[in-house]
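[1] predicted coordinates and the sequence they were generated for:
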Amino acid sequence: MSEKLPSVPGEDSFDEFLSAHLPEEASSEISRLVTPWTEAFLLILLSIGIGLINFPDQPLVGIIQGAASGALGLLGWNRLRGENKSFRHGWILELVRAGWYLADALLKSTLWSDALNRLLSADILFILGLVSALLFLSQLVCLRDGIAAVQKKAGAKEDTSAVSFLIGAYVAVFILALLNAGGLFSIIMIVVIIAGLVNVYRLSHTLDEAGYAVTPSPVKITKEALLGTFFGILVLGSLIGVLFFSRYPMKWTAPASYGRAETLAVREDLLALGFPETVLDDLTEEDILACDGALSIMRQESFYHDGTLDGLKLESIAVVLSEKPRVWKVFYHFTLPDEKGYYGTDALELRPMQLFGWTDFTEEPHGRILIGQKGETQTAVIPSVTHGYYSQQGVTFGTFSTGFSGEAYFASFSLPNKYQNARGYVTLSVSDPYPGIDFAWGENAKELIWSRYFSGLYYIHHINGFHYPVQSAEAFRKSSSYMSRGWEFAVVLLEMSWFFPE
Amino acid sequence: MAEQSIIEKLKNRDESGMEELLQHYGPLMRYVIRPFLSDERDREEALQTAALKVWQSISRFDAEKGSWTSWLTAVARNAALDMARAEKRREAGELPEDAHDPAPTPEETALRKERQEALLRALETLSSRDRVLFYRKYYYRQPTAQIAAEMGATERSVEGRLYRIRQKLKDLLKGEMS
């Protein structure tokens, strides 16, 4: 085993000098680290391990986790893709999954994510979730088959039981999630996930010596370029999304002056009935004219005194347009305290009298926002008014907890970063509120309304500059992250309002 | 588990240990041999020679001095290196090494030891990743393309890194080379 000592080396024979003077046996550390597969394989296993854990209540953690899993997966699969067909398929699936993740993450940096969730039916969302899970599952199958092919190539005994167990564990987790399993099932789920992670660790020994038969693919794109592209798209795209697409587009204009002569007459009538002038000044001409022939007015006023929203004022005014049948036009008007550094979305959630006993609205809710800017008033239409049933759900370790479930209207909008004298209103018309109840019953009628119709008016205000993944005030209120993202929004219950003639 | 069983069998002169050795560690030994020899038949011959060497010198393996894989790697490497040298000499029409090379003098042995220690000291100053890269190039004699693929880098970046390592070592070993 002896090597001939070279003559005294000059510049040109330095390589020969180095080779000739290395020890005959490399250290254990060196022989452990010089392998064709370990690093690539560990990257894939880390990617799988990170991908296995799911935090539905922590969307930001989910984004970071997905980024880490995607980046590691890209690096790992890229190295093994040339070894055999299964690894190549695994690489293609990794590219698809990375693209899927990026699309989802970028969407989550805009308000479109909420809009899309509203647009897509539950079935489609379920199918999308299923496809995502199947992609991951298929990748595990590729991993199993790829390992088996390497073992076969090396003439070693095929043993892919650890991957098969992992596939089984993942399928079990998926089925339990489909069943919305809680309680005992959630404990089983945790056990299965831990078992899955243990198997990921076991997997690292699956290739053992057979792994030396692996031939990694030449690197065409450097890892810096690969990671740079992946994180570049993620960071830059998210930044663009957060900066330009995370707020409702508000078209601010100067409020139009009244164009019709009768408007002033209706206005005078409303003032005479006790309609507050400050609110009346903010109404559009159409809304004033809609109150033509008003018989009476019912009012409520409430103030909020705490935190960022200290000074928030709400006035609810019901204009009685007809007694028989009973027809009301209701205005919910709010005035916000001035703020600097605001960034995001706000919403007014209406659960008026549990939607007035499920009667049909004769006019869909709409409204506008007004702000003071350089001594001038600017106004914009409330860009999003939605109506529907929602159920607040939280998931912790597979256990589902439900908060409010019910029907509500959401009027959502955004305000400038710095605003003064901001106020707005939402109005709707309803016929036959409180069906079957006669106000002539006096206190009994009041008691009946109070006990039968739960009502609430909530103001949801964005209070934190950092806002990622982007979530509208409405989506926050409706979503399962209601508790976990509470530091981003302030939710104020303004009143438990019900109207009753004085 | 397999490692212990194979070592035990080889030490007990159990021939089934050889079969298991090639089954479990054949891929590793082939991996080490491949860069030294271009001909597939030579590689197989080197593997057989290495396996025989393991059989003959298993008593010299001491787990406390180093790991089984590093010992096995060294045996496979030396078998391949010897064969590559013999092949080179045959091609050059030279006589076998033993025919005209006298054994190194005590001075040469002492000088070699001194230089070896200096090189090891210099290598200790490198980062773990650079040290691995150095060993891949100079100990395992892996081609740049293979190193690049296995380390997840481009050939250009490997060459650049090797150049920097070489420059650093040159500075550190100036005295030893003069």
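    Ah, there it is.

[2] now do the helices in chain B.
    B:2-11, B:16-33, B:40-57, B:68-92, B:97-100, B:106-124, B:128-138, B:144-151, B:155-172, B:174-177 (DSSP state H).

[3] pLDDT averaged over the fifth one - what is it?
    By that I understand helix B:97-100. Confidence over helix B:97-100 (mean pLDDT, whole number) is 55.

[4] now the fourth one
    Confidence for helix B:68-92, expressed as mean pLDDT, is 91.

[5] so what angle separates the directions of that helix and helix B:40-57?
    Going by axes from the mean of the first three to the mean of the last three C-alpha atoms, to 10 degrees, helix B:68-92 is angled at 130 degrees with respect to helix B:40-57.

[6] so what touches helix B:68-92?
    Outside helix B:68-92, the residues that touch it by C-beta atoms under 8 Å, 6 or more residues apart in numbering or on different chains are A:1, A:3, A:24-28, A:30-32, B:3, B:7, B:25, B:28-29, B:32-33, B:36-37, B:42-43, B:45-47, B:49-50, B:53-54, B:57, B:61, B:95-97, B:139-140. (C-beta placed from N, C-alpha, C; glycine too.)

[7] name the residues of that helix that are buried.
    By neighbour count with 16 or more other C-beta atoms under 10 Å in any protein chain shown, helix B:68-92 contains the buried residues B:68-84.

[8] does A:G76 touch A:I44 like I think?
    Yes: with contact defined as C-beta atoms under 8 Å, A:G76 counts as touching A:I44 (3.6 Å).

[9] enumerate the residues of the stretch 101-250 of chain A near chain B.
    Contact residues, the stretch 101-250 of chain A versus chain B (C-beta under 8 Å from any C-beta of the partner chain): A:154-156, A:208-213, A:215-220, A:222-223.

[10] tell me the buried residues within the residues you listed.
    Buried among those (16+ other C-beta under 10 Å): A:154, A:156, A:208-213, A:215-217, A:219, A:223.

[11] determine which two of those are furthest apart.
    Greatest spatial distance among those (C-beta to C-beta): A:A156 and A:K223, at 29.2 Å.

[12] element containing A:G66?
    Per DSSP states H and E, A:G66 falls inside helix A:59-80.

[13] do that helix and chain B meet?
    Yes: counting by C-beta under 8 Å from any C-beta, chain B has neighbours in helix A:59-80: A:L75, A:N78, A:R79.

[14] quick one: the last one from B:G152, how far?
    Computed as C-beta to C-beta, to the nearest Å, the A:R79 to B:G152 distance reads 5 Å.

[15] neighbour count for these two, which is higher?
    Comparing A:R79 with B:G152 by other C-beta atoms under 10 Å in any protein chain shown, the one with more neighbours is A:R79, at 28 against 20.

[16] can you tell me how far the more buried one is from A:F275?
    From A:R79 to A:F275 the distance is 73 Å (C-beta to C-beta).

[17] which elements pack onto the helix or strand that contains A:A169?
    Following DSSP H and E, the helix or strand that holds A:A169 is helix A:161-178. Judged by 3 or more C-beta pairs under 8 Å, 6 or more residues apart in numbering or on different chains; DSSP states H and E, helix A:161-178 is in contact with helix A:38-52, helix A:122-153, helix A:184-203.

[18] which is the next helix or strand following the last one?
    The helix or strand immediately downstream of helix A:184-203 is helix A:223-244, counting by DSSP H and E.
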